[in-house]
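Peer 1: Below are the sequence and a predicted model for it; my questions follow.
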Amino acid sequence: QVQLVESGGGLVQAGGSLRLSCAASGLTFSNYAMGWFRQGTGKEREFVAAVDWSDHSTYYGDSVKGRFTISRDNAKNMVYLQMNSLKPEDTAVYYCAASRLVVVTTWSALDSWGQGTQVTVSS
């Protein structure tokens, strides 16, 4: 079965950086678009970023464009989210997500997701 395991979350001051990692197993990784979603307390789940399975094109939510960078390493079955210039409003649980052969930006269309990792940005 598909397993997505996130790591790298934590507490950081505003303006700081964090790098999230996601280890994927149980799937043909190179056939999956990979992404990140987040959900803050009392907020809707939000699309953050995705990277295509074929040409590694990247896509970002408006609130993180220019600050976050998604990347993948098909040799290691890993996907990363580099988060720079963090803001208190970035505080959320971040989920790694997978979708077969197509990039999706809505949670309901995903094939698999992880348990999440907490990111807290203090002001």
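Peer 2: It's in. Only a predicted model underlies this, so the values are computations on that prediction, with no experimental measurement involved.
Peer 1: who touches Asn77 in this structure?
Peer 2: 23-25, 29 (CB atoms under 8 Å, 6 or more residues apart in numbering). C-beta: built from backbone N, CA, C; applies to glycine.
Peer 1: redo that, cut-off 6 Å
Peer 2: 24, 29 (CB atoms under 6 Å, 6 or more residues apart in numbering).
Peer 1: quick one: it from Leu4, how far?
Peer 2: To Leu4, Asn77 is 10 Å away according to CB to CB, to the nearest Å.
Peer 1: tell me which element the most centrally placed residue in the chain falls in.
Peer 2: Centroid-nearest residue in the chain, with CA atoms, centre = their mean: Trp36, separated by 2.2 Å. According to DSSP states H and E, Trp36 maps onto strand 32-39.
Peer 1: Give the other helices and strands that that strand contacts.
Peer 2: Strand 32-39 sits against strand 46-51, strand 92-100, with contacts defined as 3 or more CB pairs under 6 Å, 6 or more residues apart in numbering; DSSP states H and E.
Peer 1: try 10 Å
Peer 2: strand 18-25, strand 46-51, strand 58-60, strand 68-73, strand 78-83, strand 92-100, strand 112-113 (3 or more CB pairs under 10 Å, 6 or more residues apart in numbering; DSSP states H and E).
Peer 1: Sheet-wise, list the partners of the last one with their directions.
Peer 2: Based on DSSP bridges, the strands next to strand 112-113 in the sheet, each with its direction, are strand 92-100 (antiparallel).
Peer 1: quick one: buried residues of the strand it pairs with?
Peer 2: Using 16 or more other CB atoms under 10 Å as the test for burial, strand 92-100 gives 92-99.
Peer 1: what's the closest of those residues to Val48?
Peer 2: For the buried residues of strand 92-100, the closest approach to Val48 (CB to CB) belongs to Tyr94, at 7.1 Å.
Peer 1: Once you drop chain neighbours, what's closest to the closest one?
Peer 2: Nearest non-adjacent residue to Tyr94, counting by CB to CB, 6 or more residues apart in numbering: Arg38, 4.8 Å away.
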